[in-house]
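Trainee: Dropping the sequence and predicted coords here.
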Amino acid sequence: MKNTLKYLFLLCLISIVEPMFSHGTVIWPPSRIYNCYNNPSTSVCQPCGDAIYNWMGVLQPDTDYGKHQVYVPDGQIASGGNGGGVDFGCLDALTTDWASTTVDHGYIDVKWQNTAPHKTEYYKVYITPLNWDPTMPLKWNDLIGIGHRGKGPAESFTIIRSFIPDSYVGKRAALISVWQRDFNDSHEAFYSVSDILVSGSDGGDGGDGDGGGDPSDCNDISPWNVNNVYWGGDSVNYLNTVYKAKWWTKGDKPTDYSGTYDVWENKGSCESRISENGDQTRSFSLVKCISSTINNEMIIKYHVDMPKKLTMTVRNLSNQILITEFSNKPTLPGEYEEYIIPGNISPGIYLCVLEDEIGVLKSLKIVVKK
């Protein structure tokens, strides 16, 4: 009898502890399941019942190399297609009652908490279209990619820097986040939906215009912010000095972490940039960067005031180069227009970048639609 009771106790203990090792969800902006875990008595969360205690378990055990649209049908994205053995169907409820988190437009750091960390194949963050209606099912083909991180180690917390266009100001939207485990370990994937309301305050976007500006006080480079995430290649202005990130960083003050083996590289004072570059930083500019759904191409217009050697690239929001249209191309003064076929680039937000031979960058954001 004692052994039977002991066995039953162990089974009960396992059933309680195992969900704690499930895996993860987005805690900022909080996902629907995470909101329900913290506020279970709300009318929209009550139908979830005990599923809220497995808030880190919205998953598909095998996506066959990330075939999310196959294993998670339209209308079941928030529940992850109920692939993990727990009924999360309540998360797919078509209602405006889901609690929304107010966020700024521009860059946003989407944060996953992983109770059982694993190596990662990728994280992806999507946003619903401008005309999204929360009473209609979420559909994969409607989503716009706004953030991405590639292969990475096992982490208890992971941040995916994403970007919300200023056209979303004042609108309600949903962020859909996918965590795909490293294919060498498992084809398991996790899903998260966060309801948001986009505010009109300055979120550090920097606008959708030319990334140049007057270099006399480093206006072309954003000031360092302790709360921002920076990726390798990002530049900041701190105490009238330019620093360039060597790898991912957050909260590391450039003056304290700019040694040989530290994350920041000191690129010199703003004054030295003026003496080296002079008026050359103003000698070219990006005028327009748009996506044409009619011809399935990007249209990029730029202006050159003096002879330059220019490089044109298209990059993702992590500053990774996806397309190189031309490199170190001798260019005479004049107005120019380029037409780029984006190829296999997925719908989402990208950067058109024009760079000269001394490293001066001009950039514009572009939304690639399906």
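Mentor: Cool, the structure landed.

Trainee: In contact with the nearest residue to residue 287 once chain neighbours are set aside, which residues?
Mentor: Nearest-residue entry for residue 287: residue 301, 4.2 Å, with adjacent residues in sequence omitted and distances by CB to CB, 6 or more residues apart in numbering. From N, CA and C alone the C-beta is placed, and that goes for glycine too. By CB atoms under 8 Å, 6 or more residues apart in numbering, residue 301 lies in contact with 286-289, 335-338.

Trainee: Identify the bridge partners of residue 301.
Mentor: residue 288, residue 337 (DSSP bridges).

Trainee: and it, how far is that from residue 160?
Mentor: Distance from residue 301 to residue 160, counting by CB to CB, to the nearest Å: 31 Å.

Trainee: Mind listing what's buried along stretch 70-86?
Mentor: Residues of stretch 70-86 classed as buried: 71-72, 76-84, 86 (neighbour count, 16 or more other CB atoms under 10 Å).

Trainee: min pLDDT across those, which one?
Mentor: pLDDT across the buried residues of stretch 70-86 is lowest for residue 84, at 78.

Trainee: how about the strands in the stretch 201-350 of the chain?
Mentor: Using DSSP state E, counting those that start in this stretch, the strands of the stretch 201-350 of the chain run over residues 229-230, 235-238, 241-245, 249-250, 264-269, 284-292, 297-304, 308-315, 321-331, 334-340, 348-356.

Trainee: swap in the stretch 1-150 of the chain?
Mentor: Under DSSP E, counting those that start in this stretch, the stretch 1-150 of the chain gives strands at 24-28, 59-60, 101-104, 106-114, 120-127, 144-149.

Trainee: about what we covered before: out of the contacts of residue 301, which is nearest to residue 131?
Mentor: residue 289 (23.3 Å; CB to CB).

Trainee: And the pLDDT at that closest one?
Mentor: On the pLDDT scale, residue 289 gets 87.

Trainee: So it is in contact with residue 300, correct?
Mentor: Yes - assessed by CB atoms under 8 Å, residue 289 is found in contact with residue 300 at 5.0 Å.

Trainee: who touches both of these two?
Mentor: The contact sets of residue 289 and residue 300 overlap at residue 352 (CB under 8 Å, 6+ apart).

Trainee: Let me see the contact set for residue 223.
Mentor: By CB under 8 Å, 6+ apart, the contact set of residue 223 is 236-238.

Trainee: how many neighbours does residue 227 have?
Mentor: Here the number of neighbours of residue 227 (other CB atoms under 10 Å) works out to 8.

Trainee: Could you number the chain from 262 rather than 1 from now on?
Mentor: Done: numbering now begins at 262, and the last item shifts to residue 488.

Trainee: wait, what's in contact with it?
Mentor: 511-512.

Trainee: Now it: phi and psi?
Mentor: Phi and psi for residue 488, reported as degrees, to the nearest 10, are phi -90, psi -10.

Trainee: Spell out which residues make up each domain of this protein.
Mentor: Using automatic domain parsing, the domains assigned to the chain come out as 283-460, 470-538, 544-631.

Trainee: low-scoring pLDDT stretches of this structure, where are they?
Mentor: 262-283, 461-481, 532-543, 554-556, 579-580, 631 (pLDDT under 70).

Trainee: one step back: as JSON lines, the strands of the stretch 462-611 of the chain with distance to residue 307 would be great.
Mentor: Output for these, formatted as JSON lines (distance: least, CB to CB, whole Å):
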{"stretch": "strand 490-491", "distance to residue 307": "36"}
{"stretch": "strand 496-499", "distance to residue 307": "46"}
{"stretch": "strand 502-506", "distance to residue 307": "46"}
{"stretch": "strand 510-511", "distance to residue 307": "37"}
{"stretch": "strand 525-530", "distance to residue 307": "49"}
{"stretch": "strand 545-553", "distance to residue 307": "43"}
{"stretch": "strand 558-565", "distance to residue 307": "48"}
{"stretch": "strand 569-576", "distance to residue 307": "45"}
{"stretch": "strand 582-592", "distance to residue 307": "45"}
{"stretch": "strand 595-601", "distance to residue 307": "51"}
{"stretch": "strand 609-617", "distance to residue 307": "36"}
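
Trainee: Among the ones you listed, which comes closest to residue 412?
Mentor: Closest approach to residue 412 among these is made by strand 582-592 (16.6 Å; CB to CB).
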